[in-house]
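> fold the following, please.
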Amino acid sequence: MSRANRLLRLVQLLRRHRRPVSAASLADELGVSVRSVYRDIDALREQGASIEGAAGAGYQLRPGFLLPPLMFTDEELEAIVLGLRLTAEHGDEALGRAAAEVVAKLRAVLPRDLKTLVDETALLAGPSLRRQPEQVDLAEVRRCIREQRKARIAYADRRGAASERVVWPIAIGFFERARVVVAWCEERADFRSFRADRIARWTTSGDRFGRPRAALLAEWRAREAIPAQLPG
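Numbering: from 1, shown residues only. Model prediction:
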């Protein structure tokens, strides 16, 4: 393991522990000597990390420290690039533009060797050829979710039966064959999933959700046994 990668892992370990953790424990998790941990702690402090503690007493990282951009491992950077490429291919148009802008910002701040890795990453995102186009603007749907606003929609189910609904949108699922809006439906007084290509009209309301979106999302995930996709 390079020292840059080891420093990154050390910061991540310190962030994970909310109480002081001994150098011996850190050394065991990193697979290095205790003496190396002492040297790495000193190196991080020189870079501005506020690490409290001392040898024999344990160490704790105070919040707010951001490492300089040297601190992506190769696999972490590949994960970022692949995620952005998938977003560009399978997200809506606005998300695609945002993904391209993120790549440009990454290239502007990364060291030369990591910039080359971004340019030469061999992980590709294939196009979706079977998804039906939507009539609604998914950027507006995403804004509605962020602002926790209700929406009135005109929807047709798989049999073509049309209905008008007032929904509280809480998430969008991006799949190869369809994009799906997850929402609390006032008419059904329950969670429902709506294929975006079957939504004929979307009108964002000025009314806010009756409950926090985070609570609704947690309840829906628990009911569907869906874990958080990026656990901390």
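
> so what pLDDT did Ile153 get?
Here, the pLDDT recorded for Ile153 equals 98.

> distance of it relative to Gly96?
24 Å (Cβ to Cβ, to the nearest Å). Heads up, the C-betas are built off the backbone N, CA and C, glycines and all.

> over to Gln132?
The gap separating Gln132 from Gly96 is 18 Å, by Cβ to Cβ.

> residues making contact with the helix or strand harbouring Leu216?
Assigned by DSSP states H and E, Leu216 belongs to helix 213-224. Identification of contacts with helix 213-224 by Cβ atoms under 8 Å, 6 or more residues apart in numbering yields Ile145, Gln148, Trp168, Ile170, Ala171, Val182, Trp184, Phe191, Phe209, Ile226, Pro227, Ala228.

> does the third one really touch Pro212, like I thought?
No. In terms of Cβ atoms under 8 Å, Trp168 does not count as a neighbour of Pro212; the distance is 10.5 Å.

> got any residues that touch both of the two?
What both Trp168 and Pro212 touch, as defined by Cβ under 8 Å, 6+ apart, is the set Gln148.

> these two: which is more packed in?
Trp168 (24 against 12; other Cβ atoms under 10 Å).

> what sits closest to that one if chain neighbours are left out?
Closest residue to Trp168 apart from its sequence neighbours, by Cβ to Cβ, 6 or more residues apart in numbering: Trp184 at 4.1 Å.

> which parts of the protein are helices?
Under the criterion DSSP state H, the chain contains helices at 3-16, 23-30, 34-46, 74-90, 93-109, 112-120, 138-147, 213-224.

> kindly reformat those as a markdown table containing mean pLDDT and mean neighbour count.
Listed next are these as a markdown table, based on pLDDT from 0 to 100; neighbours: other Cβ atoms under 10 Å:
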| stretch | mean pLDDT | mean neighbour count |
| --- | --- | --- |
| helix 3-16 | 81 | 17 |
| helix 23-30 | 92 | 17 |
| helix 34-46 | 89 | 15 |
| helix 74-90 | 90 | 16 |
| helix 93-109 | 87 | 14 |
| helix 112-120 | 81 | 13 |
| helix 138-147 | 96 | 17 |
| helix 213-224 | 95 | 14 |
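
> quick one: which of these is nearest Ala57?
The stretch from those with the least distance to Ala57 (Cβ to Cβ) is helix 23-30; that distance is 9.5 Å.

> tell me the domain boundaries of the protein?
3-61, 74-120, 138-224 (automatic domain parsing).

> want to throw those into JSON lines with distance to Pro127?
Shown next, in JSON lines, are these (distance: least, Cβ to Cβ, whole Å):
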{"stretch": "domain 3-61", "distance to Pro127": "34"}
{"stretch": "domain 74-120", "distance to Pro127": "6"}
{"stretch": "domain 138-224", "distance to Pro127": "10"}
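
> wait, what's in contact with Ser128?
Ser128 is in contact with Glu89, His90, Glu176, Arg177, counting by Cβ under 8 Å, 6+ apart.

> mind checking how far the nearest residue to Glu52 once chain neighbours are set aside is from Ala156?
Of all residues beyond its chain neighbours, the one nearest Glu52 is Gln60 (5.0 Å), with distances taken as Cβ to Cβ, 6+ apart. According to Cβ to Cβ, Gln60 stands 56 Å off from Ala156.

> equivalent analysis for Ala27, please.
61 Å.

> now Glu76
43 Å.

> cool, Thr73 as well?
Taken as Cβ to Cβ, the span from Thr73 to Ala156 is 47 Å.

> for stretch 207-215, C-alpha coordinates in CSV please.
C-alpha atoms of stretch 207-215 as CSV (Å, rounded to 0.1, in the frame of the first residue of the first chain):
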residue,chain,number,x,y,z
ASP,A,207,-48.0,22.4,-0.7
ARG,A,208,-45.4,20.6,1.2
PHE,A,209,-45.4,17.0,2.4
GLY,A,210,-47.3,16.1,5.5
ARG,A,211,-44.2,14.2,6.8
PRO,A,212,-40.5,14.7,6.3
ARG,A,213,-39.2,13.0,3.1
ALA,A,214,-36.4,11.2,5.1
ALA,A,215,-38.9,9.6,7.3
